[in-house]
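**Q** Here is a sequence with its predicted model. Questions after.
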Amino acid sequence: LGRSMGASFSTWCRSTMRAHAAPHSAHDPSWHTGDMERQGQLHAATNDAGHASTSGRSVAAAASGKGGATAKYAPTHLIILANGLFGSPANWSTIKDKLSQQLDASQYHIHASDVNKRTDTYDGIDVCGQRLADEIRGVVRRHPTLTRITVIGHSMGGLLLRYAIGVLYDPATGRIAGLQPAHFVTLATPHLGCEAEGVSQVPFVGWLGVVPPLGSVLRALSVPTARLLFKRTGAQFFLDDAEGS
């Protein structure tokens, strides 16, 4: 399922990026949002452990000219991938590989964020989002040829990207970290917060529903359970992080 989802995602990404290859104006309203909320498929797609060893592969390695000569690596389009709760850059290995195969490697720089991994994701959306914003600034500085940016987030990663974009957005130019926005895509992201039951359950709390007594207790105590398991981030999932709450 991970391989097939990665293939279909890369096909979508290639078609949409080609369709919008022409530069937009600084305030172009066609900033695209795509919220794919099918959690089961997406969780499998972004956690295909069989491809984890390729997560650090550089897209630059694929950029070569005719006759075996290495082409100058001067990417113009940055793609940021942000993992979810307790995730890591390895979650993106399948999708990263598929994108590298389908896109022009000399034009796209694919970067899987590595500043919010595992228990670091428990620090809170704002703390993790600021780390992500700083990381994006660093990537842009290292690649001065970049002109456009696409961001893709899985689950909590979508919330981190929203925060980071708010930090990096310049209302005077309509740009993000100095780059023209192209696509904003989130996969199974709880944009309106989480709930005790339903499709917006907090991971782990919802999964324990298969153990009826324990699952029932945890659902009834969702907020304190989320705080206990996921600390500040858990409270924010339930919009329960205000002072005095």
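**A** The structure has been received and is ready for your questions. Residues are numbered from 1 along each chain as shown.
**Q** Going along the chain, name the helices of this structure.
**A** Secondary structure of the chain (DSSP state H): helices located at 2-19, 39-46, 93-102, 125-142, 156-168, 212-220, 222-237.
**Q** quick one: contacts for Cys128?
**A** 115-116, 120-121, 160, 163, 233 (C-beta atoms under 8 Å, 6 or more residues apart in numbering). Heads up, the C-betas are built off the backbone N, CA and C, glycines and all.
**Q** Distance-wise, check the nearest residue to Ser113 once chain neighbours are set aside relative to His183.
**A** In space, Ser113 comes closest to Ala82 once its chain neighbours are excluded; the distance is 4.9 Å by C-beta to C-beta, 6 or more residues apart in numbering. As for Ala82, its distance to His183 is 13 Å (criterion: C-beta to C-beta, to the nearest Å).
**Q** between the two, which one's more packed in?
**A** Legend: neighbour count by other C-beta atoms under 10 Å for Ala82 and His183, higher for Ala82 (32 against 20).
**Q** Are there residues contacting both of Ala82 and His183? Which ones?
**A** By the contact definition C-beta under 8 Å, 6+ apart, Ala82 and His183 are jointly contacted by 151-152.
**Q** The helices of the chain: lowest mean pLDDT?
**A** Ranked by mean pLDDT, these bottom out at helix 39-46, which scores a mean of 38.
**Q** Looking at neighbours, which among the contacts of Cys128 is most surrounded?
**A** The residue in the contacts of Cys128 with the most neighbours, by other C-beta under 10 Å, is Leu160 (29 neighbours).
**Q** Enumerate every residue touching it.
**A** Counting by C-beta under 8 Å, 6+ apart, Leu160 has contacts 82, 116, 125, 128-129, 132, 153.
**Q** 6 Å - rerun?
**A** 82, 128-129, 132 (C-beta atoms under 6 Å, 6 or more residues apart in numbering).
**Q** ok, now Asp241?
**A** Applying C-beta under 6 Å, 6+ apart to Asp241 gives the contacts Ala235.
**Q** ok, now Tyr163?
**A** Tyr163 neighbours (C-beta under 6 Å, 6+ apart): 125, 129.
**Q** Just to check, Phe238 is in contact with Leu221?
**A** No - Phe238 is beyond contact range of Leu221, at 11.2 Å (criterion: C-beta atoms under 6 Å).
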